[in-house]
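Visitor: Sequence first, predicted coordinates after that:
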Amino acid sequence: MPQIARPADGGMMYAETNLSHTFPEPLNTITSGLFLILAIFWLIKLKGFDKRHKFLSGCAWLLLIGSIGGTTYHGLRRWSIFIMMDWMPIMLLCLAASVYFWIRALGKWYYGLLVFIAFGLVEFFVRRFIMRNELQLGININYGVMALMVLLPILVLLIRQRWQNGRYILVGLAAFTIALFFRATDSSALLPLGTHFLWHTFGVIAAASMFMFIYEVERVTLRGSNRT
């Protein structure tokens, strides 16, 4: 039986992956670059780090690191460090967003600490599931769980704020749902080059919607503090 070539970075094969090419995943690389554009846009808008938007500024820098990692990872498929740079900032962004929105929704810092612990426990059990089951399925479930842990406090916050700026969440949720579908169907025969690039495409729409929502939430807080 002939051996199947594996990427030098030790990561998974996608439908588009062709290791005989200098750039094994051109579509995945280009669409990963969309996150880089989004990160640069917000860093320019926030002038690197806007003290009035500290949380959003931090998220923009995390997104920049993740987008550089993801673009390089898909573009070259050579070094495992870029796999870590691809997924770890996403996990940190989801954790930070979950803590941030629970504190926003409930007004107490210790809720953020409880969420931090809960997030860690959930990730521990999800990763145990990934190790014992099919890798792609486990990763898709992990992304879904992380999204849910961000969505729950947002829903509480939206109810308290009478759905102010809720349109961004509706767009983001719809885009993420479509994105996750395309991530899960990459290995199917849906498209000749797979559908992972559409995970990126709709994922960046979801990320852009979330960034706008955070920006508007912080603007409301700033307007309230200026009145006092």
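Guide: Great, that's in hand.

Visitor: Grab the nearest non-local neighbour of Pro7.
Guide: Arg77 (4.2 Å; C-beta to C-beta, 6 or more residues apart in numbering). Yep, even glycine has a C-beta here, placed from its N, CA and C like the rest.

Visitor: do the same with Tyr111
Guide: Once its chain neighbours are removed from consideration, Tyr111 has its nearest residue in Trp102; the separation is 4.8 Å (C-beta to C-beta, 6+ apart).

Visitor: For the residue nearest to Pro7, give me the backbone phi and psi.
Guide: phi 50, psi 50 (degrees, to the nearest 10).

Visitor: on that earlier part again, ok, the residue nearest to Tyr111 to Phe23 distance?
Guide: Separation of Trp102 from Phe23 (C-beta to C-beta, to the nearest Å): 41 Å.

Visitor: The two - which one has more neighbours?
Guide: Set side by side, Trp102 and Phe23 show unequal neighbour counts under other C-beta atoms under 10 Å, the larger going to Trp102 at 26 against 13.

Visitor: got a list of what the more buried one touches?
Guide: Trp102 is in contact with 111-112, 115, 153, 156, counting by C-beta atoms under 8 Å, 6 or more residues apart in numbering.

Visitor: go with 6 Å
Guide: With contact taken as C-beta atoms under 6 Å, 6 or more residues apart in numbering, Trp102 is in contact with 111-112, 115, 153.

Visitor: again with Ser57
Guide: 46, 49-50.

Visitor: What ranges does this protein have for its helices?
Guide: Using DSSP state H, the helices assigned to the chain run over residues 26-45, 54-76, 81-106, 109-132, 135-160, 166-184, 196-227.

Visitor: Could you export these as TSV, including distance to Ala5?
Guide: Compiled in TSV, the helices of the chain are given as follows (distance: least, C-beta to C-beta, whole Å):
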stretch	distance to Ala5
helix 26-45	17
helix 54-76	15
helix 81-106	17
helix 109-132	23
helix 135-160	18
helix 166-184	23
helix 196-227	18
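
Visitor: Pick out the shakiest of those, pLDDT-wise.
Guide: Of all these, the segment with the smallest mean pLDDT is helix 109-132, scoring a mean of 85.

Visitor: So which residue is smack in the middle of the chain?
Guide: Per C-alpha atoms, centre = their mean, the C-alpha nearest to the average position across the chain is that of Ile90, at 4.3 Å.

Visitor: Which residue comes closest to that one once chain neighbours are left out?
Guide: Of all residues beyond its chain neighbours, the one nearest Ile90 is Gly66 (5.8 Å), with distances taken as C-beta to C-beta, 6+ apart.

Visitor: count of residues packed around that neighbour?
Guide: Applying other C-beta under 10 Å, we find 24 other residues in the vicinity of Gly66.

Visitor: Roughly how far does it sit from Ser80?
Guide: Between Gly66 and Ser80 the distance, using C-beta to C-beta, works out to 16 Å.

Visitor: what about stretch 111-131, distance to the chain center?
Guide: From the chain centre to the centre of stretch 111-131 is a distance of 16 Å (C-alpha atoms, centre = their mean, to the nearest Å).
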